[in-house]
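>>> This is the structure alone, sequence omitted:
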């Protein structure tokens, strides 16, 4: 039972390159989330998926796309990376228990040169 | 969406009780209040959640006044290992009770001093 798994953990890109951050959960979460966290800042919501087959924009969606491939997987794609997208990205699943709490992955550290 | 406001940072000595207050003036009727803890290089993790009055678990207490426009996380007798960033989140709770768009504020950086 791995929880929420993110890959890769570290990535360096050049400006203009594209890449996909992968997130998979084995906790039967219906809702999944992508956040970014810049140094000394809180978490900002990029996109979320309330349930399989649906996705919605969060606070900072520009420059990103997402895919909810199935119930387990929620990927985040950067089509043309920019230095402003240098950040730590966290994926989370929302628990189905009473609290509906978020369970986070370990994060993916992305640097765009 | 309910926005939250917290102090940016707090310092405390080991062994003291720490209270961190969060303001959420436009909280909705269905919203719950949840606190998360984040250590460096890790994702946040759940501490405690409440809807009204007082909730206590093995690590913290959460106080919510009747108007629910604020909440206070209380950490009893903090230790060095409690040094972390603490976030107040408004909106999650039982599925369907609140919003799916869960946004965090900037959090409170708690530094525990020996």
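Yes, it's here. Predicted, not measured: the structure shown is a model, and the values here were computed from it.

>>> Test my guess that residue A:103 contacts residue A:91.
No - using Cβ atoms under 8 Å as the test, residue A:103 is too far from residue A:91 to be in contact (9.6 Å). All C-beta spots, glycine's among them, are computed from the backbone N, C-alpha and C.

>>> Touching both of these two, which residues are there?
Both residue A:103 and residue A:91 are contacted by A:4, A:25, under the criterion Cβ atoms under 8 Å, 6 or more residues apart in numbering or on different chains.

>>> The two: which is more packed in?
Neighbours of residue A:103 and residue A:91, each counted by other Cβ atoms under 10 Å in any protein chain shown, are more numerous for residue A:91; the result is 29 against 19.

>>> Find the nearest non-adjacent residue to that one, please.
residue A:23 (3.5 Å; Cβ to Cβ, 6 or more residues apart in numbering or on different chains).

>>> For residue B:64, see how far away the residue most central in space within chain A is.
The C-alpha lying nearest the average C-alpha coordinate of chain A belongs to residue A:34 (Cα atoms, centre = their mean; 3.0 Å). In this view, residue A:34 and residue B:64 are 29 Å apart by Cβ to Cβ, to the nearest Å.

>>> so where's chain B uncertain?
B:1-2, B:92-99 (pLDDT under 70).

>>> And chain A, by the same measure?
Using pLDDT under 70, the flagged stretches of chain A are A:1.

>>> who are the neighbours in contact with whatever residue of it ends up closest to chain B?
In chain A, the residue that lies nearest chain B is residue A:104 (2.7 Å; Cβ to the nearest Cβ). Residues in contact with residue A:104 (Cβ under 8 Å, 6+ apart) are A:4, A:90-92, B:42-45.

>>> Now with 7 Å, please.
Contacts for residue A:104 (Cβ atoms under 7 Å, 6 or more residues apart in numbering or on different chains) come out as A:4, A:90, A:92, B:43-44.

>>> What is the nearest of these to residue B:6?
residue B:44 (13.7 Å; Cβ to Cβ).

>>> can you count the residues close to that closest one?
Using other Cβ under 10 Å, the number of residues around residue B:44 comes to 28.

>>> before we move on, what about residue A:49?
Residue A:49: 23 neighbours (other Cβ under 10 Å).

>>> So what sits opposite it in the bridge?
Beta-bridge partners of residue A:49, counted by DSSP bridges, are residue A:32.

>>> now the strands for chain A?
A:4-7, A:10-13, A:19-25, A:31-37, A:43-49, A:56-57, A:64-68, A:74-78, A:87-94, A:102-104, A:108-112 (DSSP state E).

>>> tell me what the fifth one is packed against?
Packed against strand A:43-49, as judged by 3 or more Cβ pairs under 7 Å, 6 or more residues apart in numbering or on different chains; DSSP states H and E, are the following elements: strand A:31-37, strand A:56-57, strand A:64-68.
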